[in-house]
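**Student:** structure for the following, please:
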Amino acid sequence: MFNGSPKIGGNTDLLVQSALKGIDRQLNRVDYFRLNDMDIKPCQNCGGCTETRVCVIKDKMQQIYPAVRKADRVILASPIYFSGLSAQAKIMIDRCQPFWCEKYIHNMPIEGKVHRKGLLILVGGMKRQIGADCSAATATAFFRSISVEEHKTLAYLGIDNQAGIRNHPAALQDVYEAARNLSAH
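**Tutor:** Take a look at the predicted model:
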């Protein structure tokens, strides 16, 4: 699970906590990454991973790469900023270029024991759908690059105030149920 929000207790964080509650921890191991707390450098587009399929930058992404490789399910949650994913989410996605190279250049997609699935959780203050659509396009490219061929998107728009998601009639329950369904193999 990737939490792309810089805020603790904000809307994205509350949705993430609801998703975590929906996952049966007796049956599923969860690797949780609060991206804002991780020192991840931006992709330098150096081409180092093109042939080797390994990023040359050594930082906290070294914790993420093996988790992505072994995951059966992937959840990405982000606030929508300027019609896109947060910088914290985007920097992690950009650093997944080695997976893209592995899949699309070397024809070696990540293979798992089960069909890999994902969940995208978005929340933003703008009421127009364009912010969710742009964020979802980037997330879809991320999911496909890491061989998550199917994912569900839950987007909550027009929620701008701190913890305002609590006033949404179904958001926390919807995310809980989606995570529960996703984690039920």
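**Student:** what is the neighbour count of the closest residue in space to W100 that isn't next to it in sequence?
**Tutor:** Distance criterion Cβ to Cβ, 6 or more residues apart in numbering; nearest residue to W100, sequence neighbours excluded, is S145 at 4.3 Å. Quick note: C-beta positions are derived from backbone N, CA and C, even for glycine. Here the count is done by other Cβ atoms under 10 Å, and S145 has 21 residues near it.
**Student:** one more: S183?
**Tutor:** 20.
**Student:** so it touches R73, yeah?
**Tutor:** Yes. Between S183 and R73 there is a contact under Cβ atoms under 8 Å: 6.2 Å.
**Student:** any residues in contact with both of those two?
**Tutor:** Common neighbours of S183 and R73, counting by Cβ atoms under 8 Å, 6 or more residues apart in numbering, are N28.
**Student:** which residues does H151 bridge with?
**Tutor:** Here H151 sits in beta bridges with G118, going by DSSP bridges.
**Student:** and it, what does it touch?
**Tutor:** Per Cβ under 8 Å, 6+ apart, neighbours of H151: V74, K117, G118, L119, L120, A139, T140, F143.
**Student:** from these, list the buried ones, please.
**Tutor:** V74, K117, G118, L119, L120, A139, F143 (16 or more other Cβ atoms under 10 Å).
**Student:** how about the nearest residue to the fourth one, chain neighbours excluded?
**Tutor:** If you skip the residues right next to it in sequence, L119 has I75 as its closest partner in space, 4.5 Å away by Cβ to Cβ, 6+ apart.
**Student:** biggest helix in the chain, by residue count?
**Tutor:** helix 130-145 (DSSP state H).
**Student:** so what pLDDT did V114 get?
**Tutor:** V114 is assigned 79 on the pLDDT scale.
**Student:** so it is in which element?
**Tutor:** If you go by DSSP states H and E, V114 is not part of any helix or strand.
**Student:** hmm, D72 and it touching each other?
**Tutor:** Yes. Assessed by Cβ under 8 Å, V114 is found in contact with D72 at 5.1 Å.
**Student:** higher neighbour count, those two?
**Tutor:** Taking neighbours as other Cβ under 10 Å, V114 and D72 compare with D72 leading, 16 against 8.
**Student:** ok now do N45, which residues does it touch?
**Tutor:** No contacts exist for N45 under Cβ under 8 Å, 6+ apart.
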